[in-house]
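**Student:** Need coordinates for the below:
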Amino acid sequence: MIIIKSEEEIKIIREGGKILAEVLKRVGEMAKPGITTLDLDRAAEALILVAGAKPGFKGHEGFPYSLCASVNENIVHGYPSNYVLKNGDIVGLDLGVVYKGFNTDMAITVPVGEVSFEAKRLINVTKKSLRLGIKKAKIGNTIGDIGNTVQRFVEDQGFSVVRDLCGHGIGKELHEDPKIPNFGKRGGGEKLVEGMVICIEPMVTAGEYHLRNSDDGYGFATKDNSLSAHFEHTIAITKKGPRILTEI
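**Tutor:** Numbering: from 1, shown residues only. The predicted model follows:
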């Protein structure tokens, strides 16, 4: 069931989203050679708590950390660890907060030091695919319009979109209806209506889209070990068009 949010609820989600965006920006700036992904997790949790919010992921389905940190071929849900980031890595940082009872969810992928041209291009294409998908998040469009736009752009650039994972609705629960795939047909799926709050999150690979379990046993990685990137925003569907709730 899709839960429609009131203007007041969207305002609260926006307040939490601003906190999340500020925290993730700072954590992303810390992702440099020599730091561990566990260091990033600890910093994220401390910053969230100081801001008056709560980590949205910690304890969710048994996840013991506040931040998902997914390096190189790892796509999402990576466990923070003592892995030391090195020059040339790329790391996906997925973070959520709970503020006044409502969740927000956001992800970025950042380069560590100097990375390859292909890694830069993968990051840029994934980031742009999110922007294009958000533009389709308008009243009267459908979920399929979002996924189709993301898929066509990504595949035109020679990359692949992950099929087994998707975006989602969000609110008092971290994951609500509807599911938001990164592929689809124009006009397919549920229609977008005012008051829906959704997370659009392209997950893009440099090779094939097939997945395997990550080595940590919790997350997901590319089956062919190709690089992957992930970006996400929490979006409200409004009369004035899509409103990004997770930006500074």
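**Student:** show me the contacts for the closest residue to residue 82 other than its chain neighbours.
**Tutor:** Once flanking residues are discounted, residue 82 sits nearest to residue 36: 5.3 Å by Cβ to Cβ, 6 or more residues apart in numbering. (Each C-beta comes from the backbone N, C-alpha and C, glycine too.) Contacts for residue 36 were tallied using Cβ atoms under 8 Å, 6 or more residues apart in numbering; they are 80-85.
**Student:** Quickly note the distance from residue 36 to residue 241.
**Tutor:** 40 Å (Cβ to Cβ, to the nearest Å).
**Student:** Equivalent analysis for residue 143, please.
**Tutor:** Distance from residue 143 to residue 241, by Cβ to Cβ: 16 Å.
**Student:** With neighbour numbers in mind, choose between these two.
**Tutor:** Between residue 143 and residue 241, residue 143 has the larger neighbour count (other Cβ atoms under 10 Å), namely 24 against 12.
**Student:** Which phi and psi values does that one adopt?
**Tutor:** Backbone torsions of residue 143, given as degrees, to the nearest 10, read phi -60, psi -40.
**Student:** got it, and the one 5 residues further on?
**Tutor:** Backbone geometry at residue 148, expressed as degrees, to the nearest 10, gives phi -60, psi -40.
**Student:** Quick one: residues contacting it.
**Tutor:** 183-186, 188.
**Student:** Now for the contacts of residue 36: which two are most distant?
**Tutor:** 80 and 84 (12.1 Å; Cβ to Cβ).
**Student:** show me where the protein has helices.
**Tutor:** Using DSSP state H, the helices of the chain run over 7-30, 37-50, 117-135, 143-156.
**Student:** Put together JSON lines for those helices, with mean pLDDT and distance to residue 58 on each row.
**Tutor:** Formatted as JSON lines, the helices of the chain follow (pLDDT from 0 to 100; distance: least, Cβ to Cβ, whole Å):
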{"stretch": "helix 7-30", "mean pLDDT": "98", "distance to residue 58": "14"}
{"stretch": "helix 37-50", "mean pLDDT": "98", "distance to residue 58": "7"}
{"stretch": "helix 117-135", "mean pLDDT": "98", "distance to residue 58": "25"}
{"stretch": "helix 143-156", "mean pLDDT": "98", "distance to residue 58": "29"}
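**Student:** Include distance to residue 232 when you put those into a markdown table, please.
**Tutor:** Output for the helices of the chain, formatted as a markdown table (distance: least, Cβ to Cβ, whole Å):
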| stretch | distance to residue 232 |
| --- | --- |
| helix 7-30 | 10 |
| helix 37-50 | 15 |
| helix 117-135 | 7 |
| helix 143-156 | 12 |
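**Student:** Just say which of the ones you listed is most tucked in.
**Tutor:** helix 143-156 (a mean of 22; mean count of other Cβ atoms under 10 Å).
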